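Chemist: Build me a model from this:
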Amino acid sequence: MKPTINLGKVLGIPVWLHYTWFVALVVIILDMAIYFHGTHPLWQDIILGAGVSLLFFASMFTRELAHSYAAINRRVPVKSITLYVFGGVPRITAADTRLAPELIMAAVGPLSSLIIAGVFYAVQLVLAFVGNFTFDYLIQRLFSLNIMMALFNLIPCFPLDGGRVLRAILWRTTGDYSRATRIAALTGRGIGYLLIVGGILEIIIAGQWVTGLELAAGGWFLENAAATSYRQALLREALRDVTARYMMTEEYTPIKQQLTIGLVRDYIINSGQHCFVAIEDGKLLGIVTLGDTQIPQQRWGSTTISQIMTPADRLKTAHPDQPAVDLLEQMEEDNIDQIPVLENSKLIGMVTRERLIRLLTARAVLKA
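Modeler: Numbering: from 1, shown residues only. This is a model prediction of the structure:
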């Protein structure tokens, strides 16, 4: 199960919400409940905490929009964004990563957080002036959180903005992008563990539960994101110079889109294959998976392959020279098991998750 929730697309980029946001929600609600204890009923404190969480999420989302705009403006394609509580982590392929845009993106993140903090500070001054002290504290908390995120992202560990600068320096020094990413990500994991330990000590020694939880949670979030970046770097290293053409198989079974499920369902299920392709004159029309065939029996005789298949224009496809690691990341992100390979709009092969995993396993064994 993926630890993310699909939020749709923004600026044409798929956006995923990492589950650590729900931990942040609990911590912020706990903060509100402790601060307003005895002032409001508990249910009101929960609502106030949820409201602060949503506004904080909006802050981080706005921050990431600025990040993505900076990348797009520099003609760096962003494949997807995963929103962590400390900001978003864009997925940019190694082939598309360039030094100057990387440094610009690193600067845009903290600067955006400071601008957003300034907006909350102005609102807080207005609320303090009119004497609304409940919402005055809430906005003040949002101001503090955004300042904290700006400073937190300056820490030189990947995937924070400071880590992007560290990776850029290492990349420029060593000339090895993959190695630079691994070192920066390992630094992130190390600092994440230190923050977790620091948070636990804050709770045990100083008795500061909220501060300790926030510190430990921040460390956990950072370690989790850095570990993901490190695994991706290892994958890139293992699949270096491997392309879709090398990994694709031509052993796929075509199926006519005019056939009904009643005629071919048993054949599909008993074939042992995960998917079938509908093609015409070599052109891909769509793909049928085993899950697509699970329809009520009374519809078998009237439902054709064309009605249940995923049309070609909705499929993720690859070109022959596309890096295999990009395809594996795409499969993980979209939870799919195969990607068709097209050349001049004609289907020439299929890359499957199974073949990629087998290659990774074999290379791991040979390396050991």
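
Chemist: residues near the nearest residue to Arg179 once chain neighbours are set aside, how many?
Modeler: The shortest distance from Arg179 to any non-neighbouring residue, by CB to CB, 6 or more residues apart in numbering, is to Leu170 (7.3 Å). (C-beta placed from N, C-alpha, C; glycine too.) Residues contacting Leu170 under the criterion other CB atoms under 10 Å number 20.

Chemist: Poorly predicted segments of this protein, please.
Modeler: 1-3, 37-38, 40, 93-97, 131-134, 210, 272, 364-368 (pLDDT under 70).

Chemist: Could you spell out which stretches of it belong to which domain?
Modeler: Domains of the chain are assigned by automatic domain parsing as 4-238, 244-367.

Chemist: deepest of those domains, which one?
Modeler: domain 4-238 (a mean of 18; mean count of other CB atoms under 10 Å).

Chemist: contacting residues for Ser306?
Modeler: 257-258, 278, 285-286 (CB atoms under 8 Å, 6 or more residues apart in numbering).

Chemist: Just put those in CSV and tack on secondary structure and distance to Glu333.
Modeler: Below are the contacts of Ser306 laid out as CSV (DSSP: H, G, I helix; E, B strand; the rest coil; distance: CB to CB, whole Å):
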residue, secondary structure, distance to Glu333
Gln257, coil, 28
Gln258, coil, 33
Ala278, strand, 25
Leu285, strand, 24
Gly286, strand, 21
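
Chemist: could those be laid out in TSV, adding distance to Lys346?
Modeler: Output for the contacts of Ser306, formatted as TSV (distance: CB to CB, whole Å):
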residue	distance to Lys346
Gln257	17
Gln258	21
Ala278	14
Leu285	12
Gly286	15
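
Chemist: Can you tell me the SS state at Trp220?
Modeler: Under DSSP: H, G, I helix; E, B strand; the rest coil, Trp220 falls in the helix class.

Chemist: How about Leu215?
Modeler: helix.

Chemist: That one touches Glu202, doesn't it?
Modeler: Yes. Between Leu215 and Glu202 there is a contact at 5.8 Å, judged by CB atoms under 8 Å.

Chemist: on that earlier part again, is it true that the residue nearest to Arg179 touches Ile183?
Modeler: Yes. Taking contacts as CB under 8 Å, Leu170 lies within contact range of Ile183: 5.7 Å.

Chemist: How far does stretch 325-343 sit from its chain's centre?
Modeler: With CA atoms, centre = their mean, to the nearest Å as the basis, stretch 325-343 stands 15 Å off its chain's centre.

Chemist: Now for Thr249: which residues touch it?
Modeler: When contacts are taken as CB under 8 Å, 6+ apart, Thr249 is in contact with 349-352, 355.

Chemist: Same check on Met149?
Modeler: Here Met149 is in contact with 59-60, 63, 86-87, 113 (CB under 8 Å, 6+ apart).

Chemist: Make TSV out of these and add distance to Phe221 and secondary structure.
Modeler: Formatted as TSV, the contacts of Met149 follow (distance: CB to CB, whole Å; DSSP: H, G, I helix; E, B strand; the rest coil):
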residue	distance to Phe221	secondary structure
Ser59	16	helix
Met60	12	helix
Arg63	15	helix
Phe86	6	coil
Gly87	10	strand
Ser113	16	helix
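
Chemist: State the pair within those that is farthest apart.
Modeler: Ser59 and Phe86 (11.3 Å; CB to CB).

Chemist: related to what we said a few turns ago, looking at the contacts of Ser306, which is nearest Val78?
Modeler: Relative to Val78, the closest of the contacts of Ser306 is Gly286; by CB to CB it sits at 27.7 Å.

Chemist: For the closest one, give me its contacts.
Modeler: Gly286 touches 257, 277-278, 305-306, 309-312, 315, counting by CB under 8 Å, 6+ apart.

Chemist: Report the beta-bridge partner residues of it.
Modeler: Ala278, Pro311 (DSSP bridges).

Chemist: what ranges do the strands span in this protein?
Modeler: Ranges of strands in the chain, per DSSP state E, are 4-10, 13-18, 80-84, 87-91, 275-280, 283-289, 310-311, 338-343, 346-352.

Chemist: Show me the one of the ones you listed that comes nearest Leu222.
Modeler: strand 80-84 (8.4 Å).

Chemist: got the angle for the closest one vs strand 4-10?
Modeler: 130 degrees (axes from the mean of the first three to the mean of the last three CA atoms, to 10 degrees).
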